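A.B. asks: The sequence and its predicted three-dimensional model are supplied below.
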Amino acid sequence: MPTDAGARPEAATDPGPPTRRRVAAIDIGTNSIHLLIAEVDVQLSTFSVLLAEKSTTRLGERDPDSGDLSAEAIERSFRTLSHNRELAESHGVEQIVTAATSAVREAPNGRDFLQAIQNQLGLEVDLVSGPEEARLIYLGVLSGMAFGERPHTIIDIGGGSTELVLADGRDARALTSTRIGAVRLQREFCQQDPLPPERRGFLQAYIQGSLDPAVAELRRALRPGEVPQLVGTSGTAMALAALAAADDERPTLKLQGYRLSRDRVDQLVARLLAMTPEQRRALPAINERRAEIIVPGALILQTAMAMLGARDLVVCDRALREGLIVDWMLRNRILGDRFAFQSTIRERTVRHLARSFGVDLARAERVAAHALSLYDQSRGLLHDDAGPGQELLWAAALLHTCGKSINISAYHKHSWYLIRHGELLGYSQAEHLMVAAIARYHRRSLPKKRHESWLLIEGREQRRTVTAMALLLRLAAALDRRPAAVIGTIRLHSLPPGDDRGVAVELVPREMGPGEGAVDLSLERWSLRSCSDVVMEACGLVLRVPEPPQP
């Protein structure tokens, strides 16, 4: 807008560094090319996935004589990469980070292929080594799963290689890469389908011999008494989990955190081995291309589990492409320490989800503080939780009002839906459902057998935890009746002998500043007393909220 002559223009205000940045990652694999577009939250040091695409390009189907990438595979890859670049640019990314793995690094014309990509598409591709591929996979898993104090073994079965990683929440102890993969073994060993028994035995022996050095390296890195948790990433593990989930009585929305026992894997492998190619392609849980290579991939997984002595496998849907995003964040100083990133993964993902749904974080933090205070004071009275429920209670408290972004009426039901369908990284599948259920039952009725939110909670112990934590959240939410903080201290104790069996909750107002009037907590006491019937129904206790002594 023009200004008058001699008028002094207003000084431009510096908006400061952006709090959200967009970046894309492209993984050029042996079987597929994966694109991921992420939005990075600089303040929370986390990221959310805006778009994920996969295209089957089959770079691993190389010339049998020369080993070169075929002209057909190169053409498919160029079309896919051109499409991916346009998509990334349309989302306003500031950088596209791209990595190529085993098929390209092993092909004699691999470097020429990468040079052509740079010349024609303007994409600079990093040709990663096997150990570097393992490191990036580790970073991806680190961003989506809480390791706790237990070491984890990560297995990523790609088209041309299999990576095995031993790591804990502080360090990666072993990073290995072996030249066996689902596409490679399909091409070299599976000309007959179904596999005859003798050919199957030969293939299993070949897999075992190939994996033996990597497994030995992982074993040397284990400390006495440690039993790692096996984590499976990428196509083969996800496909087996999808097959298993399709047979479950209760369908799962996400495969992240899905657990497969070794017996279940053995059953799935036996079932796949007995099928014809047409029967595998007819399976609704996996796509047609995956059906072609699932048998050798499943045999790699089964053999690795036996060699590692793993009793079960947990699936993680994050891998190399998410690792590229984490690596970019580290290089751009958005993450100071990848291990600090791991240690706070649960807190950051809850806060990120709360912010996404427009939760009033100041009030949610206040409710969480009230809930945790009640938790600490009511052990042995309102709950017997030994510790796991405390983190779930905090997460549910931060998110319990997120359903108000849909509709204020019955918002607790909307909160359950949003939490259940949202991304809670670092939580197991069971814990995710428990957080959603705690938020669901913080108001109105107690759990009923017909409720879907209750049916999804498996096991008596988990249901007991949900019931107890939801009751504590109900009491904490009842104390949050005003926009401003008015409660200074909550004191909870059991009623003295001779009285009814129950608990008393005393409320002390916060100290007021100069010019502020005294606070009357009668509203909060009335709100808390309204929970008396639910406390009696849930745990058979009388709830008393005494009035303050008169001056």
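C.D. replies: Structure received. Numbering: from 1, shown residues only.
A.B. asks: now the strands: where do they sit in the stretch 301-450 of the chain?
C.D. replies: With DSSP state E, counting those that start in this stretch as the criterion, the stretch 301-450 of the chain has strands at 312-316.
A.B. asks: Poorly predicted segments of this structure, please.
C.D. replies: 1-16, 337-343, 551 (pLDDT under 70).
A.B. asks: Show me what counts as buried in stretch 260-267.
C.D. replies: Judged by neighbour count (16 or more other C-beta atoms under 10 Å), stretch 260-267 contains these buried residues: Leu260, Arg262, Arg264, Val265. Placement of C-beta: from N, CA and C, glycine included.
A.B. asks: isn't Leu543 right next to Ser530, touching?
C.D. replies: No: if you go by C-beta atoms under 8 Å, Leu543 and Ser530 don't touch, sitting 9.8 Å apart.
A.B. asks: Compare these two and say which is more crowded by neighbours.
C.D. replies: Leu543 (22 against 13; other C-beta atoms under 10 Å).
A.B. asks: who are the neighbours of the strand or helix carrying that one, in terms of helices and strands?
C.D. replies: Here Leu543 sits within strand 542-544, counting by DSSP states H and E. Here strand 542-544 touches strand 502-509, helix 532-539, going by 3 or more C-beta pairs under 8 Å, 6 or more residues apart in numbering; DSSP states H and E.
A.B. asks: and Ile438, which of the ones you listed is closest to it?
C.D. replies: Counting by C-beta to C-beta, Ile438 lies closest to helix 532-539 out of the helices and strands packed on strand 542-544; the figure is 13.1 Å.
A.B. asks: Buried ones in the closest one, by neighbour count?
C.D. replies: Buried residues in helix 532-539, counted by 16+ other C-beta under 10 Å: Val534, Val535, Ala538, Cys539.
A.B. asks: Need these in JSON lines (columns: distance to Arg491).
C.D. replies: Shown next, in JSON lines, are the buried residues of helix 532-539 (distance: C-beta to C-beta, whole Å):
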{"residue": "Val534", "distance to Arg491": "21"}
{"residue": "Val535", "distance to Arg491": "17"}
{"residue": "Ala538", "distance to Arg491": "21"}
{"residue": "Cys539", "distance to Arg491": "19"}
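A.B. asks: in terms of contact, does Gly160 touch Arg179 like I think?
C.D. replies: Yes: counting by C-beta under 8 Å, Gly160 touches Arg179, with 7.1 Å between them.
A.B. asks: Tell me the residues that contact both of those two, please.
C.D. replies: Ser102, Glu106 (C-beta atoms under 8 Å, 6 or more residues apart in numbering).
A.B. asks: So for those two, which residue has more residues nearby?
C.D. replies: Gly160 (26 against 12).
A.B. asks: give me every residue that touches the more buried one.
C.D. replies: Applying C-beta under 8 Å, 6+ apart, the residues contacting Gly160 are Gly29, Thr30, Gly60, Thr101, Ser102, Ala103, Glu106, Arg179, Gly181, Val183, Arg184.
A.B. asks: Which single one of those is nearest to Thr349?
C.D. replies: Scanning the contacts of Gly160 for proximity to Thr349, where the rule is C-beta to C-beta, the winner is Gly29, at 26.7 Å.
A.B. asks: residue contacts, that closest one?
C.D. replies: Leu59, Thr101, Ser102, Ala103, Gly158, Gly159, Gly160, Leu320.
A.B. asks: Using JSON lines, lay out the helices and strands packed on strand 542-544 together with distance to Ala386.
C.D. replies: Formatted as JSON lines, these follow (distance: least, C-beta to C-beta, whole Å):
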{"stretch": "strand 502-509", "distance to Ala386": "20"}
{"stretch": "helix 532-539", "distance to Ala386": "17"}
